[in-house]
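1. the following comprises the amino acid sequence and a computationally predicted model.
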Amino acid sequence: MIGSALFDIAGFVPQSALKSRNYMEPQPPRLKPGKILDTLGAMQKSLTRASQRIAQYILAFPRQVTQSSIADLSRDTQAGEATVIRFCRTLGYKGFQDFKMDLAIELATTESDDSSPLLDAEVSESDDAHAIGLKLQNTISNVLSETLNLLDMQQVLGVVDALRHCHSVYIFGVGSSGITALDMKHKLMRIGLRGDAVSNNHFMYMQATLLKAGDVAMGVSHSGTSPETVHSLRLARQAGATTVAITHNLGSPLCEEADFCLINGNRQGMLQGDSIGTKAAQLFVFDLLYTLLVQSSPEQARESKLRTMNALDMTK
């Protein structure tokens, strides 16, 4: 299965639908100004090589693109004009002119320009401690805005509803995503939700296959391609659990296994893998879910938090 946000945002279609003999390709919904650049950053890994070059060029030189002809963009990206048109249609536009118009509106609204890069500034060897601190601060600010822009709030509310009514919730993630999963486990435990965060692949597979209808399985992977997390979510879905993907990659295998796909921000620089931006983006998504859960059942959340706090106080 695949989260509806995947199609709503970027025009992707579930693989199961593509295999159907009766499938007729629908017209993807047109992106709204304000979401174009963030969506391109999230979907580029799932594009063909030629389309990736187009996306990367637009992200690097957005204002220049608004002044370019289709022939200019074709030349600068070494992609055919037909490829440029198909790329625009993937985003829901009739052609390049429509795309340029909405991109220009987005740039005017955000007051972006080529002297203020849209990609996170990379740390250079010449940066002193203060300069690095400012770049990290800027990264966090940018990635939170990007994440909020990319999230489909209907998907978010769907996850909250599933968590409110679930028997248990298990969060799967490896590496740094596993650390993020532990943080969410702690939050959910404090308000009375039962479950665990699992990062050992054997434990992930065993736990996932034992889930059932009424359980929730969440997979965390910035790339959306971590094989252990993808396989765990697949096993959980096959077992009947509600599945949730948290990733930056719109067209990822992880989203293919998810009932709900929540897209976090952070187009990473080369030196920023496992960066504070990635961590902040994932934590933001989890904190949003947690806050909405508390808001939906404030008395129950308060009672559970007091009980857990009292239990911890007894050990002091």
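-> Alright, I've got the coordinates. Numbers count the residues shown, from 1 in each chain.

2. what about the helices in the stretch 101-250 of the chain?
-> 129-150, 153-164, 176-190, 201-209, 227-239 (DSSP state H, counting those that start in this stretch).

3. so what's the residue count around residue 38?
-> Number of residues near residue 38 (other CB atoms under 10 Å) recorded here: 23. For the C-beta atoms, the positions are set from N, CA and C on the backbone; glycine is no exception.

4. swap that for residue 98, sorry
-> 15.

5. what is the helix or strand hosting it packed up against?
-> Using DSSP states H and E, the element containing residue 98 is helix 96-110. Using 3 or more CB pairs under 8 Å, 6 or more residues apart in numbering; DSSP states H and E, the elements in contact with helix 96-110 are helix 36-43, helix 62-66, helix 81-90.

6. what's the spacing between it and its chain's center?
-> The chain centre lies 23 Å from the centre of helix 96-110; the measure is CA atoms, centre = their mean, to the nearest Å.

7. would you mark the buried spots in that helix?
-> 96, 99, 100, 102, 103, 104, 106, 107 (16 or more other CB atoms under 10 Å).

8. what's the answer for stretch 64-83, then?
-> 65, 66, 68, 70, 73, 74, 77, 79, 83.

9. closest to the centroid, which residue in this structure?
-> residue 263 (1.9 Å; CA atoms, centre = their mean).

10. go ahead and confirm that one touches residue 148.
-> No - the criterion here is CB atoms under 8 Å, and residue 263 misses it with residue 148 at 10.7 Å.

11. tell me how far the closest residue to residue 211 other than its chain neighbours lies from residue 312.
-> Distance criterion CB to CB, 6 or more residues apart in numbering; nearest residue to residue 211, sequence neighbours excluded, is residue 241 at 4.0 Å. Here the criterion is CB to CB, to the nearest Å. By it, residue 241 lies 30 Å from residue 312.

12. one more: residue 189?
-> 11 Å.

13. check contacts around residue 235.
-> 205, 208, 209 (CB atoms under 8 Å, 6 or more residues apart in numbering).

14. what do you get for residue 213?
-> 240, 241.

15. go again with 10 Å.
-> Residue 213 sits next to 166, 167, 239, 240, 241, 242 when contact means CB atoms under 10 Å, 6 or more residues apart in numbering.

16. now the residues you listed as TSV including neighbour count?
-> Listed next are these as TSV, based on neighbours: other CB atoms under 10 Å:
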residue	neighbour count
166	19
167	14
239	17
240	12
241	28
242	24
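
17. same list (those residues) but as CSV, adding distance to residue 36 and pLDDT.
-> Formatted as CSV, those follow (distance: CB to CB, whole Å; pLDDT from 0 to 100):
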residue, distance to residue 36, pLDDT
166, 35, 96
167, 40, 96
239, 38, 98
240, 38, 98
241, 34, 98
242, 31, 98
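
18. nearest to residue 127 among the residues you listed?
-> residue 242 (44.4 Å; CB to CB).

19. correct me if wrong: that closest one contacts residue 169.
-> Yes - assessed by CB atoms under 10 Å, residue 242 is found in contact with residue 169 at 9.2 Å.

20. list the residues that contact both of these two?
-> 162, 163, 211, 215, 216, 217, 218.

21. about what we covered before: from the contacts of residue 213, which ones fall inside strands?
-> residue 242 (DSSP state E).

22. and the contacts of residue 235, which is closest to residue 254?
-> residue 208 (13.2 Å).

23. and the gap between the closest one and residue 59?
-> 35 Å.

24. again, but for residue 198
-> Residue 198 is 35 Å from residue 59, by CB to CB.

25. more neighbours, these two?
-> residue 198 (26 against 19).

26. so how far is residue 217 from that one?
-> Counting by CB to CB - residue 198 and residue 217 are separated by 10 Å.

27. can you list residues touching both of these two?
-> 170, 171, 172, 204, 207, 208, 232.
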